[in-house]
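Asks: what follows is a protein structure lacking sequence information:
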């Protein structure tokens, strides 16, 4: 078994695709129309087995979860084999980092967030 996907709730499918594929550099794996105006939208970092299902918020409860799915903590971890290059590419594409890169016992890391506040670590493990 392996982790197939996790969900990130976004306000709009196209905005989610624009950020994750346009700025963060992920691949669009699927964008399939479903009944009721819903879509099956899967994005993933290049070369990743696991993906992210972008789910457009439906109703007030889901809208309230946008950007706060992990209670303000870093909830997603993007591994890099070349931290410096990936960090520079993401900065150039307009991704907002919350801090400068730092070195921890487990590797190099910097926190970034999507436009809705979901917090991520970009990290290269030692």
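Replies: Looks like it arrived, so ask away. Note that this is a predicted model, so its numbers are computed, not measured. Numbering: from 1, shown residues only.
Asks: can you spell out the domain ranges of the protein, please?
Replies: 1-63, 74-126 (automatic domain parsing).
Asks: take those domains and lay them out in JSON lines including mean neighbour count and mean pLDDT.
Replies: C-betas here are computed from N, CA, C, even on glycine. As requested, these are arranged in JSON lines below (neighbours: other CB atoms under 10 Å; pLDDT from 0 to 100):
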{"stretch": "domain 1-63", "mean neighbour count": "14", "mean pLDDT": "96"}
{"stretch": "domain 74-126", "mean neighbour count": "15", "mean pLDDT": "97"}
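Asks: which residue ranges of the protein form strands?
Replies: Under the criterion DSSP state E, the chain contains strands at 5-10, 27-33, 39-44, 51-56, 74-79, 96-97, 102-104, 107-113, 119-125.
Asks: out of those strands, which is closest to residue 86?
Replies: strand 119-125 (6.3 Å; CB to CB).
Asks: please enumerate residues in contact with the closest one?
Replies: Strand 119-125 has contacts (CB atoms under 8 Å, 6 or more residues apart in numbering) with 70, 72-83, 86-87, 90, 97-98, 106-114.
Asks: could you check the angle strand 107-113 makes with that strand?
Replies: 160 degrees (axes from the mean of the first three to the mean of the last three CA atoms, to 10 degrees).
Asks: what residues are up against the residue nearest the centre of the chain?
Replies: With distances taken as CA atoms, centre = their mean, the residue of the chain nearest its centroid is residue 20 (6.1 Å). Taking CB under 8 Å, 6+ apart, we find residue 20 in contact with 26, 43, 52, 54, 114.
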